[in-house]
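>>> Quick one, what's the 3D model for this:
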Amino acid sequence: MEHKKTFSRSGGSSRFSRSHTGGTASKHSRRGGSHSPSRGFGGGHSSRGGKRGARKGQHIDISKFINKTVITEEAVVFTPEHLFKDFMIDERLKANILAKGYNMPTPIQDRVIPHILHGQDVVGIANTGTGKTAAFLVPLINKVLANPREKVIVLAPTRELAQQIEQELKGFAKGLRIFSVCCVGGAPIGRQISDLRYQNNFIIGTPGRIKDLIERRHINLAEFKSAVLDEADRMLDMGFIHDMRYMMNLMSKDRHTLFFSATLSPEIAVLIKDFLKDPVMISVKTQDTAKNVEQDVVRIKAGEDKLEVLHDLLINPEFKKVLIFGRTKHGVEKLAVALTKKGFKAQSIHGDKNQGQRQRALDTFKKGMAQILVATDVAARGLDIAGVSHVINYDIPETYDDYVHRIGRTGRAGQKGKALTFVG
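From the prediction side, this is the model:
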């Protein structure tokens, strides 16, 4: 038996069609409409509420979700000015970098590292997935090796990004007796307080938890002479501006500040002026969305069940590792449960889960033990998950920037990816 379903694209001039053979029960059980959530489930209002992050969604032209052309010709090969072995850094650090298989820096690393090594404040504007974490970690680790009493604070917008930064730090600093602590919400604060009693060269965390620990007198920012604000535009979007200002004011005016952002809005420009002194501005941002991510829309027709349309996509073999984005915590959890009931291996990640639950869900997805990860925008930035075949926007994102960062989870490291956005 052959099942076919066709979706019209914007304007109705082209079709997004697909077919699969064999009954759905052969792989996943399919339930009748009475057991399926309504077509609108998961949609609606933003999960960001309260003082932080409350913002209205912007109107996004549907045509921005369509980019059928995937560049297939050979890309221009980037030729860096430096190799990692050429940088004036500690030989032990250099050995760790080479042991990780890194020889040639990415464009942002090639251009940023020399300025940080010279102690200059830097503003780095770069697309997601361009290697900016190593761009600031490598020279800052070198700084700590030169002065073991050096302390660095790294602020990131989400728990997952903060943890990823610490993992990268541990990889580069292996065997170098450089110590760090990751301070994020959703994880036991008692353990973090205990870890802060030791001499740590790097404190990495989210603004809310770091501020809490400062107010409890477990972190004294006057001792820190180096600061990194990573994904600063996202921190601004999430309402962390007052926390960021509070912390920068507690640090020495003679600090070394590194500022990374994917966008350069007027609000970001104000922060740069207030937080940095004579910064070197480096931009390697080429375009909003990656050329190797094919983008399309899936139109939900009147009377169609949105969940069933999603089901019919996911049973296709090419949907190997799928990241699905919803706008609300409740909607994301409900969708993950519904997909699990249909026989899919699905995990969820959102703000109502504690850090242990979120990390387990991520690890399960990263290791290929789950086909699907359903997430709020907490997973849209900074996470490097290898091999994501598809990103599906089950709910339209609040802003186009959110869309850009969502679909940036696929098509990474030169691979091709696909992004589909459900529209009514």
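>>> Surely Glu231 and Pro157 touch.
Yes: with contact defined as C-beta atoms under 8 Å, Glu231 and Pro157 form a contacting pair (5.0 Å). Every C-beta, even on glycine, is put in place using the N, C-alpha and C of the backbone.
>>> What segments of this structure are helices?
91-99, 107-117, 132-146, 159-172, 189-195, 207-215, 232-237, 241-250, 266-275, 306-314, 329-341, 355-366, 400-407 (DSSP state H).
>>> Nearest approach to Leu221 belongs to which of the ones you listed?
Across the helices of the chain, Leu221 has its closest neighbour in helix 241-250 (4.0 Å, C-beta to C-beta).
>>> can you pull the contacts of Leu117?
Phe87, Met88, Ile89, Pro139, Asn142 (C-beta atoms under 8 Å, 6 or more residues apart in numbering).
>>> closest to Asn393 out of the helices of the chain?
Where the helices of the chain are weighed against each other on C-beta to C-beta, the nearest is helix 400-407, at 6.3 Å.
>>> Could you list the low-confidence segments of the stretch 1-150 of the chain?
1-58, 68-78, 128-129 (pLDDT under 70).
>>> Please repeat the previous calculation with a cut-off of 50.
1-55, 69-76 (pLDDT under 50).
>>> Looking at the helices of the chain, which is nearest to Val423?
Closest among the helices of the chain, using C-beta to C-beta: helix 306-314, at 10.7 Å.
>>> In terms of secondary structure, what does that closest one contact?
If contacts are counted by 3 or more C-beta pairs under 8 Å, 6 or more residues apart in numbering; DSSP states H and E, helix 306-314 sits against strand 2-8, helix 329-341, strand 417-423.
>>> from the chain's centre, how far out does it sit?
Averaging C-alpha positions (C-alpha atoms, centre = their mean, to the nearest Å) puts helix 306-314 25 Å from its chain's average.
>>> export that helix as CSV, just CAs?
Once non-C-alpha atoms are left out, helix 306-314 reads as follows in CSV (Å, rounded to 0.1, in the frame of the first residue of the first chain):
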residue,chain,number,x,y,z
LYS,A,306,-1.0,19.2,12.3
LEU,A,307,0.4,16.3,14.4
GLU,A,308,-0.5,13.8,11.6
VAL,A,309,1.2,15.9,9.0
LEU,A,310,4.3,15.9,11.3
HIS,A,311,4.0,12.1,11.7
ASP,A,312,3.9,11.5,8.0
LEU,A,313,7.1,13.5,7.6
LEU,A,314,9.0,11.8,10.4
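>>> Give me the angle between that helix and strand 417-423.
For helix 306-314 against strand 417-423, the angle by axes from the mean of the first three to the mean of the last three C-alpha atoms, to 10 degrees is 160 degrees.
>>> Enumerate the positions of helix 306-314 that are buried.
Lys306, Leu307, Glu308, Val309, Leu310, His311, Asp312, Leu313, Leu314 (16 or more other C-beta atoms under 10 Å).
>>> Leu98: which of the residues you listed is nearest?
Leu314 (40.9 Å).
>>> The closest one touches Ile372, doesn't it?
Yes: between Leu314 and Ile372 there is a contact under C-beta under 8 Å: 6.9 Å.
>>> shared neighbours of these two, anything?
Val322, Leu339, Phe344.
>>> For the first one, which residues are in contact?
The contact partners of Val322, taken as C-beta under 8 Å, 6+ apart, are Leu314, Gln371, Ile372, Leu373, Val388, Ser389, His390, Val391, Ile392.
>>> Just the buried ones out of these, please.
Applying 16+ other C-beta under 10 Å to the contacts of Val322 flags Leu314, Gln371, Ile372, Leu373, Val388, Ser389, His390, Val391, Ile392 as buried.
>>> follow-up on the earlier one: same list (the shared contacts of Leu314 and Ile372) but as CSV, adding distance to Val298.
Listed next are the shared contacts of Leu314 and Ile372 as CSV, based on distance: C-beta to C-beta, whole Å:
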residue, distance to Val298
Val322, 13
Leu339, 16
Phe344, 17
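>>> Which of those residues sits closest to Gly131?
Distances from Gly131 to those, taken by C-beta to C-beta, are shortest for Val322, at 24.9 Å.
>>> Next one, pLDDT for Leu155 please.
pLDDT recorded at Leu155 is 97.
>>> and it, what does it touch?
Gly205, Thr206, Pro207, Ile210, Ala227, Val228, Leu229, Asp230, Met235, Met244, Met247.
>>> ok, now with 6 Å
Neighbouring residues of Leu155 by C-beta atoms under 6 Å, 6 or more residues apart in numbering: Pro207, Leu229.
>>> One more: Gln295?
Here Gln295 is in contact with Phe65, Ile66, Asn67, Ala419 (criterion: C-beta under 6 Å, 6+ apart).
>>> any idea how far Lys418 is from the nearest residue to it once chain neighbours are set aside?
Nearest residue to Gln295 in three dimensions, chain neighbours excluded: Asn67, at 4.1 Å (C-beta to C-beta, 6 or more residues apart in numbering). From Asn67 across to Lys418, the span is 11 Å (C-beta to C-beta, to the nearest Å).
>>> So for these two, which residue has more residues nearby?
Lys418 (20 against 17; other C-beta atoms under 10 Å).
>>> burial count for Ile108?
24.
>>> Same check on Arg245?
Burial of Arg245 is recorded as 13 neighbouring residues (other C-beta under 10 Å).
>>> Tell me the predicted confidence for it.
Taking Arg245 on its own, its pLDDT is 94.
>>> Phi and psi next, for Lys353.
phi -90, psi 140 (degrees, to the nearest 10).
>>> Let me know the pLDDT of it.
For Lys353, pLDDT reads 87.
>>> what separates it from Arg360, distance-wise?
9 Å.
>>> between these two, who's got more neighbours?
Lys353 (18 against 13).
>>> now Ile385: how far from Met251?
33 Å.
>>> and what of Tyr198?
In terms of C-beta to C-beta, Tyr198 sits 21 Å off from Met251.
>>> Looking at those two, which one has more neighbours?
Met251 (18 against 8).
>>> give me every residue that touches that one.
Leu221, Phe224.
>>> run the last query once more with 10 Å
Ile153, Leu221, Ala222, Glu223, Phe224, Lys225, Ser226, Ala227, Thr257, Phe275 (C-beta atoms under 10 Å, 6 or more residues apart in numbering).
>>> Same check on Ile165?
Counting by C-beta under 10 Å, 6+ apart, Ile165 has contacts 133, 136-137, 154-156, 180, 182, 202, 204-205, 228, 230, 382.
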